[in-house]
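Peer 1: Provided below are the primary sequence and the corresponding predicted coordinates.
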Amino acid sequence: MRQLLLATIIGILCSTAVYAQDPTFTQFYANRTYINPAYAGADLGLRFNFNYRNLWTSIPGDFSTYCGGIDMGDPNIFGGLGFLAVASNEGEGQLQTQRYSLMYSYRLIVIPRMFDLHFALDAAYMSKQIKDWDAFIFSDQLHPVYGNINPTSVQRPEKLKVEMPDFTAGTMARFNIKMAGGGSRGMRSGKMVANTLGFAAHHITQPNESLLGRTEKMPIRFLVHYSALIPLSKARSKNPFYLSPNAMYEHQRNLSTLNVGMYALRAPVMIGVWYRNEMRFEANDTDALMFNVGVRGTNQRKSFMYQIGYSYDLTLSKLAGSTAGSHEIAVIFEITHAGFNSKSRIARKRSRNCFNWHGPRSTPKIF
């Protein structure tokens, strides 16, 4: 059954244009530079992330995505640097996609500690390959009684791997809004709503991804995301309670999806529920409900933090009942004071003036 599924995939590759879609992550807050390179170095210090997603676990074949990244905020370079590696498998690893990218994000301080703008470019090496052509069994090889006994008429491609450069651009605004009744003696005296609004365009040069010697341009992936963090506890609470509404819209070729959801956060725990569909909010267009739980810990000096998250996608589309849903795990490590020379006068000034939402360090970050 699995080989037949793989043969179907390859048959489609050999007979029609490839309209591929990028992998998507439910816990996008934990894989920030994947959705927008403007997140690189958005927070001062050094940040590591690892993400694993297993799509539709009961369907034959391996549909999994691995992602690992590192980014660093440094006022000496007026922004941040990042590296990201993404690898995905389709059909027991027979069709593999890999992408390795470097990114730089420039930070513009508009209003000190209140409003920052970020502009970023991501440059990457990308490859797609068929790992083992001989593992495929095509329909013309199958006899109705004796099984796989016939030769196939499907021609082996001249190349089983294609390599290409790839580029992504992104921009992002991070800003605080003072809540009504929060006081008039500066931002420390009142409660602030922290906001992040971003836009990214992936594959802006539309590289050729065909394995058949044709011209099959990779479709541009447009993405808009918004997150807010709303404090509901008293302004000087040592462990405040937050609500965080989120939305993310993606469009690639003829597919558009909208993710909307809400997180509830109180250090060190976070829980969330999301809804995903194809923008029309009709019953037949519903894709999934997504449930997320996470914890965050820190050392006594709060110079080192870790965060672990798990999410489950409950499929509600026409595939419901046959996919067993999707699972995702995210792990983050942060070293707060690493990454820049604190003796630099420029670095000290810019680090003091960078956007800051004043939440406790142990609160899980969702943007």
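Peer 2: Received, thanks. Residues are numbered from 1 along each chain as shown.

Peer 1: Determine the number of other residues adjacent to the closest residue in space to Met179 that isn't next to it in sequence.
Peer 2: Spatial nearest neighbour of Met179, chain neighbours left out: Lys191 (4.5 Å); criterion: Cβ to Cβ, 6 or more residues apart in numbering. Yep, even glycine has a C-beta here, placed from its N, CA and C like the rest. Per other Cβ atoms under 10 Å, the neighbour tally for Lys191 reads 22.

Peer 1: measure Lys191 to Phe333 for me?
Peer 2: 29 Å (Cβ to Cβ, to the nearest Å).

Peer 1: and Tyr34, what are its phi and psi?
Peer 2: Here is the backbone geometry of Tyr34 (degrees, to the nearest 10): phi -70, psi -40.

Peer 1: who are the neighbours in contact with it?
Peer 2: Counting by Cβ atoms under 8 Å, 6 or more residues apart in numbering, Tyr34 touches 25, 28, 51, 67, 69, 84, 86.

Peer 1: now, which of these sits nearest Ser101?
Peer 2: Leu84 (5.0 Å; Cβ to Cβ).

Peer 1: doesn't Ala123 make contact with the closest one?
Peer 2: No - the pair Leu84 and Ala123 does not pass the contact test of Cβ atoms under 8 Å, sitting 11.1 Å apart.

Peer 1: between the two, what contacts are shared?
Peer 2: Joint contacts of Leu84 and Ala123 (Cβ under 8 Å, 6+ apart) are 101, 103.

Peer 1: Between those two, tell me which one has more neighbours.
Peer 2: Comparing Leu84 with Ala123 by other Cβ under 10 Å, the one with more neighbours is Leu84, at 24 against 13.

Peer 1: just how off-centre is stretch 231-239 within its chain?
Peer 2: 30 Å (Cα atoms, centre = their mean, to the nearest Å).

Peer 1: Same check on stretch 161-175?
Peer 2: Distance of stretch 161-175 from its chain centroid, counting by Cα atoms, centre = their mean, is 12 Å.

Peer 1: again with stretch 194-204
Peer 2: 11 Å.

Peer 1: Please enumerate the helices of the chain.
Peer 2: For the chain, helices defined by DSSP state H occupy the ranges 2-15, 32-35, 345-353.

Peer 1: right, and Leu255 touches Tyr249 too?
Peer 2: No - between Leu255 and Tyr249 there is no contact under Cβ under 8 Å: 11.6 Å.
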